[in-house]
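J.: have a look at this prediction, sequence included:
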Amino acid sequence: MYLCDMIEIELPEAHLYKPEIRFVDIDAAGIVNNATYLNYFEQSRIRFFESIVGKKWDWNTAGMVIAKHEVNYRQPIFMQDDVIIVTWIEKVGNKSMEAAYEIIKMVSGKPVLVAFASTVMVSFDHHKGGSIPWKSSLLEPLESFGLGRPPKWPEMK
């Protein structure tokens with residue numbers, strides 16, 4: 001798949017998410033509200049994990065909770081902008097992992113980095129109410145897919 005014809009680099013579907021920019025996402029300044037980015041990242045993570053482990057994953061006994069978000073904003077997103085989010089898993093520990101993201105839009109025919117971010121997730125059993133080690137049914141497909149920044153994805157500045 002091509003990045004919405006923005007950049008002619010082929011990436012697996014799991015890495016790509018195109019958020020729908022809705023009127024409700026726009027604040028009084030006419031741009032996507034900074035808090036809305038977290039919703040976009042959440043949807044991007046869901047698509048990423050569903051692509052890797054499928055939709056039958058039991059999020060109650062082998063789920064995750066968010067421990068930390070870090071977002072670096074570079075440019076605003078406007079209602080009419082066409083953006084794409086590239087998502088990957090940067091690193092995995094025994095009970096936590098870090099997702100990373102870049103949001104790209106076209107400006108004057110060139111791809112521009114709008115924001116980059118990371119999320120630390122902790123493996124969590126919602127029935128027991130505590131953190132647990134990651135299940136092999138998540139780790140094995142994830143490691144098989146590959147960790148780290150997609151190798152064909154150019155460095156965005």
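T.: In hand now; what should we look at?

J.: contact partners for residue 116?
T.: 71, 72, 74, 100, 101, 102, 103, 156 (Cβ atoms under 8 Å, 6 or more residues apart in numbering). C-betas here are computed from N, CA, C, even on glycine.

J.: closest one to residue 145 out of those residues, please.
T.: residue 100 (14.5 Å; Cβ to Cβ).

J.: which residue lies farthest from the center of this structure?
T.: Taking Cα atoms, centre = their mean as the measure, the residue most remote from the mean C-alpha position of the chain is residue 128, 27.2 Å away.

J.: quick check, it in a strand?
T.: No. According to DSSP: H, G, I helix; E, B strand; the rest coil, the state of residue 128 is coil, so it is not within a strand.

J.: so how far is residue 92 from it?
T.: To residue 92, residue 128 is 21 Å away according to Cβ to Cβ, to the nearest Å.

J.: now the contacts of residue 116: which count as buried?
T.: 71, 100, 101, 102, 103 (16 or more other Cβ atoms under 10 Å).

J.: a markdown table for the residues you listed, including distance to residue 122?
T.: Below are these laid out as a markdown table (distance: Cβ to Cβ, whole Å):
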| residue | distance to residue 122 |
| --- | --- |
| 71 | 19 |
| 100 | 16 |
| 101 | 18 |
| 102 | 23 |
| 103 | 24 |
